[in-house]
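K.L.:
dropping the sequence and predicted coords here.
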Amino acid sequence: MLPTLFHGHPFTPFLLSFSLAFAFSLSPLSHRAPNSDKKMAANGNGEFSFGNTGKGTARNGLSMIQTHKKQHGICHDDSAPPVKAQTIDELHSLQKKRSAPTTPIKAAQPGSATLTEEERQKQQLQSISASLASLTRETGPKVVKGDPARRSETPRVAHTSHPHFTPTIVVSDSALKFTHVLYNLSPAELYEQAIKYEKGSFITATGALATLSGAKTGRSPRDKRVVRDETTEDELWWGKGSPNIEMDEHSFMVNRERAVDYLNSLDKVFVNDQFLNWDPENRIKVRIVSARAYHSLFMHNMCIRPTPEELEDFGTPDFTIYNAGQFPCNRYTHYMTSSTSIDLNLARREMVILGTQYAGEMKKGLFSVMHYLMPKRHILSLHSGCNMGKNGDVALFFGLSGTGKTTLSTDHNRLLIGDDEHCWGENGVSNIEGGCYAKCIDLSKEKEPDIYNAIKFGTVLENVVFDEHTREVDYTDKSVTENTRAAYPIEYIPNAKLPCVGPHPKNVILLACDAFGVLPPVSRLSLSQTMYHFISGYTALVAGTEDGIKEPQATFSSCFGAAFIMLHPTKYAAMLAEKMQKHGATGWLVNTGWSGGSYGYGSRIKLPYTRRIIDAIHSGSLLNASYKKTEIFGLEIPTEVEGVPTEILDPVNTWSDKKAYNETLLKLAGLFRKNFETFTNYKIGKDNKLTEEIVAAGPIF
């Protein structure tokens, strides 16, 4: 009799197998007749049975084991030759095949030798070693490709130093070790690295990688530094109102050495070689060296991903980021005011990050670099969204947080060129990035389905909160931070325009959320007015309601991205006006804020009305409307827009208290004038004519 088995006991399967084996060992087979050890023989029906048994029962009393012949006389056989591997490690190695070059080795040019694949690999590692070189020791680390955890894999290529450098006699321990380079890993590989080695990394229910950025959950603009040298002294915007806080060359080199030493001390570093700018004639090669898989995946999504062919010929990068964010800067270093420092050296084309793991510092640091490099090529860099209609009409959307830039630039009837960073050059517009960086707080499928559906495998989710069992994300939870973010490739958006380029824009739309309630829902701007409002970069933040309703707070951000511009705002404005004039673009000021009174008294302009206005701009019908000019700001407003109540087009009509309206209008005009005082003393060219034209386009009272 079989032993009693207890349901749910962890050893139940073992007991069952043991019991069956014990039962069979005591069967009559142990006392079988001399002829009972014959092999199985086939009978006439194609069945197999133990010899000398009854028709349906074996000699041991158990049911006879039978197999039936299948059609065409072929019996089922799922056996296969054993694997060739001799060890488990060898078996695992058979599971993965190496990525082979996708292009043949190019034919040799006259007077040049053909490179073998091994030589290509060596050149690539030499370039990475050069990037990680300590300038004091004049030698790069010994770098090899591959994960150090896979000890059985022998590195294909190793490199110890620059060919033209002589290693110094005094070396540190880091010169004795190999630094493993995880080079341009795929999202799947980076998931594995993050989940295995980075605490706080999880896969969410939709397949995104949820991770934490550490103590810093946003950018640190006061810790951003730019080297002030002979070149940047006269080129960059310094002083009052400028985002550029200076540092000297020596202090930068101290921080650079600190970052490089930290990265070289690690067993492995992640290296991304990628591009900025979809315009192939003006793209920038960037290299990002980081210590975290999360940072590598973030930049994989946000920069333009090279094809295998492009990666083979990548060569030396135009700009390099050293992200040693886990390691703090030295507070005793000159110009340092905290343990965090984000440093740009435009002459060396390098950026160093210390003391912050927030990934957005890399994205916006490169955007600042583009604001410096692109104008040198007569290309305008823009902090804007961009979409294109079916007829090829392109629109740019500028706006600060809360103005509706993302919502209005995302249009299912139009193709999305990009959501945040663009260039306007001789060939038209091009997206700088290869991905989107969307806010996630209060995200819902109903309100923003494209962003919601883009959060899937490959997407990085920063600082979100999720259910520990189901891994469902709660986008309303602000426990870690309100600045929760998702970074995903732009192709995750269904109506993305690939490649992300388009013709010259026809419309330049400046968005303002005016909580004072005195700006019209839409105004057509002259060129000088476009420059004025572009330089101003106005919106109004809703004040807190503690101790009753407080008045809104006006916010001004030059070029709608003051934290990232490098040159004086007037230079960008002049370039914008020049391109608009050359290509026949029209400027518009669209208020997505309040009407009928300030915040607390009036009401916010309905989104369907704003969409109708945007549609009228896209279609060109608003150009043919009748216009009248407002007082103080001198804005041209249409008398009629299809689908929009006529009375709200002129804000004075919506205020019951006309005196309060006039007082509020004058107050806002005064805020504009005070903000613009920073820019009135800046001259473009030999005279002050352009500056005077821009100032004259502001409010007059």
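P.N.:
Great, that's in hand. Numbers count the residues shown, from 1 in each chain.

K.L.:
the stretch 601-701 of the chain: helices as residue ranges?
P.N.:
607-619, 658-676, 689-696 (DSSP state H, counting those that start in this stretch).

K.L.:
which strands and helices sit next to the shortest one?
P.N.:
Using 3 or more C-beta pairs under 8 Å, 6 or more residues apart in numbering; DSSP states H and E, the elements in contact with helix 689-696 are helix 527-536, helix 569-583. Just so you know, the C-beta spots here come from the backbone N, C-alpha and C atoms, and that holds for glycine as well.

K.L.:
nearest to Lys84, out of those?
P.N.:
helix 569-583 (64.1 Å; C-beta to C-beta).

K.L.:
distance of Pro317 from Pro280?
P.N.:
As for Pro317, its distance to Pro280 is 17 Å (criterion: C-beta to C-beta, to the nearest Å).

K.L.:
between those two, which has more neighbouring residues?
P.N.:
Pro317 (20 against 12; other C-beta atoms under 10 Å).

K.L.:
now stretch 460-474: average pLDDT?
P.N.:
If you average the pLDDT over stretch 460-474, you get 97.

K.L.:
next, the distance between the ends of that stretch.
P.N.:
15 Å (C-alpha to C-alpha, to the nearest Å).

K.L.:
with stretch 381-388 instead?
P.N.:
Stretch 381-388: ends 18 Å apart by C-alpha to C-alpha.

K.L.:
what's the local residue count around the residue nearest to Ile432 when sequence neighbours are not counted?
P.N.:
Leaving aside its sequence neighbours, Ile432 sits nearest to Glu421 (C-beta to C-beta, 6 or more residues apart in numbering; 4.0 Å). By other C-beta under 10 Å, 26 other residues sit near Glu421.

K.L.:
check contacts around Glu421.
P.N.:
367, 370, 381-384, 431-433 (C-beta atoms under 8 Å, 6 or more residues apart in numbering).

K.L.:
next one: Pro521
P.N.:
Per C-beta under 8 Å, 6+ apart, neighbours of Pro521: 590-591, 595, 605, 609-610, 613, 644, 648-649, 651.

K.L.:
helix or strand: which one has the closest residue to Thr678 other than its chain neighbours?
P.N.:
Of all residues not flanking Thr678 in the chain, Gly241 sits nearest, at 4.2 Å (C-beta to C-beta, 6+ apart). Using DSSP states H and E, Gly241 falls within no helix or strand.

K.L.:
Gly241 is in contact with Phe676, isn't it?
P.N.:
No. Counting by C-beta atoms under 8 Å, Phe676 is not a contact partner of Gly241; they are 10.4 Å apart.

K.L.:
re earlier: mind listing what the residue nearest to Thr678 touches?
P.N.:
558, 562, 678-679.

K.L.:
phi, psi for it please.
P.N.:
Dihedral pair for Gly241: phi 90, psi -20, per degrees, to the nearest 10.

K.L.:
kindly report the same for Asp273.
P.N.:
phi -110, psi 120.

K.L.:
confidence score at Gly44?
P.N.:
45.

K.L.:
before we move on, the earlier item: can you flag which of the contacts of Pro521 belong to strands?
P.N.:
Counting by DSSP state E, those place 590-591, 595 in strands.

K.L.:
and these, which is closest to Arg349?
P.N.:
Using C-beta to C-beta, the ones in strands among the contacts of Pro521 come closest to Arg349 at Val590, 37.9 Å.

K.L.:
I'd say that closest one and Leu510 touch.
P.N.:
Yes. The pair formed by Val590 and Leu510 meets the contact definition of C-beta under 8 Å, at 7.0 Å.

K.L.:
centre of the chain versus the strand or helix carrying His180, how much separation?
P.N.:
Using DSSP H and E, the element containing His180 is strand 178-183. Distance, stretch centre to chain centre, for strand 178-183: 23 Å (C-alpha atoms, centre = their mean, to the nearest Å).

K.L.:
ok, stretch 430-443 next?
P.N.:
7 Å.

K.L.:
buried stuff in it?
P.N.:
For stretch 430-443, a neighbour-count test (16 or more other C-beta atoms under 10 Å) marks 430-440, 443 as buried.

K.L.:
CA atoms only for it, dumped as PDB, please.
P.N.:
Provided in PDB are the C-alpha atoms of stretch 430-443 (Å, rounded to 0.1, in the frame of the first residue of the first chain):
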ATOM      1  CA  SER A 430      14.600  68.700 -37.400                       C
ATOM      2  CA  ASN A 431      14.200  67.100 -34.000                       C
ATOM      3  CA  ILE A 432      17.300  67.200 -31.900                       C
ATOM      4  CA  GLU A 433      16.300  64.100 -30.000                       C
ATOM      5  CA  GLY A 434      15.300  60.500 -30.600                       C
ATOM      6  CA  GLY A 435      12.800  60.200 -27.800                       C
ATOM      7  CA  CYS A 436      10.300  62.000 -25.600                       C
ATOM      8  CA  TYR A 437      10.600  62.900 -21.900                       C
ATOM      9  CA  ALA A 438       7.000  63.200 -20.600                       C
ATOM     10  CA  LYS A 439       5.600  64.200 -17.200                       C
ATOM     11  CA  CYS A 440       3.700  61.300 -15.600                       C
ATOM     12  CA  ILE A 441       1.900  63.000 -12.700                       C
ATOM     13  CA  ASP A 442      -1.800  62.400 -13.000                       C
ATOM     14  CA  LEU A 443      -1.300  60.700 -16.300                       C
END
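
K.L.:
excluding its backbone neighbours, what's nearest Tyr235?
P.N.:
Wrong residue type there; residue 235 is Glu, not Tyr. Counting by C-beta to C-beta, 6+ apart, the residue nearest Glu235 is Leu567, at 7.1 Å.

K.L.:
wait, that neighbour touches Trp238, no?
P.N.:
No. Between Leu567 and Trp238 there is no contact under C-beta under 8 Å: 10.7 Å.

K.L.:
quick one, what contacts Ser520?
P.N.:
Quick fix: residue 520 is Pro, not Ser. The neighbours of Pro520, taking C-beta under 8 Å, 6+ apart as the test, are 589, 591, 630, 635, 637, 649-651.
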